[in-house]
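**Student:** Model the structure of this input:
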Amino acid sequence: MYTAAQILDNGGTAVASTSETSLGKINIPMGRTYQITGLWCGTNNAGGGTFRMASDIYPQANFTYVQNSLSDIAINGISTADSEVYPVNITINGPAEFEGFVTNLSATSGRSAIMIQYIDNAAATN
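**Tutor:** From the prediction side, this is the model:
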């Protein structure tokens, strides 16, 4: 068992205002369980917006949140617009996918990123 994080990132491509855009997905392998413990999202120049997570094993779930950072890709005090990670408790058994989407309020947005913190409950392989 160990704690890890992955970042989904649009690579600086602008996300159109009020248009939901996928930033990618993490794959949870068969035989593994990821306990998602924290989510964070920020977009450069976006003026705020929302982000949503979707899992193929929880199609009914509505994991939608307000973006944590309004104007910068930053975390833990680097930017005045920054805020803390959303604490969550979402358990996903593999094989599964966990996809992140972002919707921005400004058409002039730049880089968007979602950080997913999780505990991988797999046994050691060495």
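**Student:** Tell me which residue is most central in this structure.
**Tutor:** Among the residues of the chain, Ile114 comes closest to the average C-alpha position under CA atoms, centre = their mean, at 3.3 Å.
**Student:** Hmm, Trp40 and it touching each other?
**Tutor:** Yes: using CB atoms under 8 Å, Ile114 is in contact with Trp40, at 7.0 Å. The C-beta positions use only the backbone N, C-alpha and C, and glycine is treated the same way.
**Student:** Low-confidence ranges, the chain, go.
**Tutor:** Confidence mapping of the chain against pLDDT under 70 gives the ranges 12-17, 45-47, 69-83, 107-110, 123-126.
**Student:** Please enumerate the strands of it.
**Tutor:** Here the chain has its strands, by DSSP state E, at 2-9, 21-28, 33-43, 49-55, 63-66, 86-93, 96-104, 112-120.
**Student:** Tell me which strands the shortest one pairs with, and in which orientation.
**Tutor:** In the sheet, strand 63-66 lines up against strand 49-55 (antiparallel) (DSSP bridges).
**Student:** And the contacts of the partner strand?
**Tutor:** Strand 49-55 is touched from outside by 20, 39, 41, 43, 61-67, 90, 92, 96-106, 109, 114, 116, with contacts defined as CB atoms under 8 Å, 6 or more residues apart in numbering.
**Student:** Could I have the buried ones of those as PyMOL selection syntax?
**Tutor:** A single PyMOL command suffices to select whichever of the contacts of strand 49-55 are buried according to 16 or more other CB atoms under 10 Å:
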select buried, resi 39+41+43+63+67+90+92+96+98+99+100+101+102+103+104+106+109+114+116
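**Student:** Great, nothing more from me.
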